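Participant: Sequence plus predicted model, see below.
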Amino acid sequence: DVKVTQSSRYLVKRTGEKVFLECVQDMDHENMFWYRQDPGLGLRLIYFSYDVKMKEKGDIPEGYSVSREKKERFSLILESASTNQTSMYLCASRGTGNYGYTFGSGTRLTVV
Amino acid sequence: KNQVEQSPQSLIILEGKNCTLQCNYTVSPFSNLRWYKQDTGRGPVSLTIMTFSENTKSNGRYTATLDADTKQSSLHITASQLSDSASYICVVGEGKSTFGDGTTLTVKP
C-alpha cells in the first residue's frame, strides 16, 4: 500500500513564525498535493506539484509556498504564520494515470 | 464553475440500518468520480473510483452508483456499523479535482 507520511500530527506555532510541514510518499508518485480542511469549507487546494521542482498554485495559495526538491518529498511552508492559518493540513499523492489520491493522516496546526 | 454538492450535510442512523448519500456535480470535463471516507482527525481514505463508463462499483458494504447523464452519484451503505461513523467526501475530476463538502454520518447503537 502507498504510504503518505506527514511529519507531525499536531503542531502549535506562534504568529509570525516560519512553519514547515513535511510530507513524504513511498510509491514514486509524480503528483503531490497540499490541502487545508476547515469546518464547513471542505478541502481546499493550496498547491500541487506534478514533478520534481515543479509547482502549481491551487485555489488558496496566499501566505504559503512549497518546495519539491525530491520526488518523494513535498513541503508546505508558511512564511509568516497567522492565526487564520490555524487548520488541518492534508498532503496527498497520486500516480500518473491513477485516479485515486492517497492522503496522509493530516497535521492539525494551531497558530497562537 | 465546477461544483460538487453533497446531501444530506449530516445523517444519524441506527446500527444495522442502510443509508444512501448523494453527490451531484457540475464538473467539466468529467473523467472520474471518487468517494472517500474520513474518520475524525484522520486523512480521507479511498472507497471507490468510477470512470465515465462505470455505473456501479462495490467495496464490501459500500456501493457507489454513477449516472453520468444526470451527473449524480450515490453511496449506499448496507447494514451500517458503528465504525461507519465518519465524513464521506465525493471528489470529481483530475488535477485540481473538485471536492464536495462531505456528509457526516453518525451510526448509533
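Facilitator: Nice, I can see it. Residues are numbered from 1 along each chain as shown, chains lettered A, B, ... in the order given.
Participant: tell me the contacts of the one residue in chain B that gets nearest to chain A?
Facilitator: Minimum separation of chain B from chain A (CB to the nearest CB) falls at B:G43, amounting to 3.4 Å. For the C-beta atoms, the positions are set from N, CA and C on the backbone; glycine is no exception. Listed by CB atoms under 8 Å, 6 or more residues apart in numbering or on different chains, the contact set of B:G43 reads A:4, A:90, A:92, A:103-106.
Participant: what's around the nearest residue to it once chain neighbours are set aside, how many residues?
Facilitator: Nearest in space to B:G43, with sequence neighbours left out and distances taken as CB to CB, 6 or more residues apart in numbering or on different chains, is A:F103 at 3.4 Å. For A:F103, the neighbour count with other CB atoms under 10 Å in any protein chain shown is 24.
Participant: Next: A:D51.
Facilitator: Around A:D51 there are 12 other residues, counting by other CB under 10 Å.
Participant: Pretty sure it sits in a strand.
Facilitator: No: under DSSP: H, G, I helix; E, B strand; the rest coil, A:D51 sits outside any strand and is assigned coil.
Participant: ok, and the closest non-adjacent residue to it?
Facilitator: Spatial nearest neighbour of A:D51, chain neighbours left out: A:E30 (6.0 Å); criterion: CB to CB, 6+ apart.
Participant: Over to that neighbour: give its phi and psi.
Facilitator: phi -80, psi -40 (degrees, to the nearest 10).
Participant: re the thing from before, how much space separates the residue nearest to B:G43 from B:Y36?
Facilitator: 8 Å (CB to CB, to the nearest Å).
Participant: which neighbours do those two share?
Facilitator: Residues touching both A:F103 and B:Y36 (CB under 8 Å, 6+ apart): B:44-45.
Participant: Can stretch B:58-70 be said to contact chain A?
Facilitator: No: Stretch B:58-70 lies apart from chain A when judged by CB under 8 Å from any CB of the partner chain; the minimum separation is 11.8 Å.
Participant: what about that stretch, distance to the chain center?
Facilitator: Stretch B:58-70 sits 8 Å away from the centroid of its parent chain (CA atoms, centre = their mean, to the nearest Å).
Participant: Brilliant, that's me finished.
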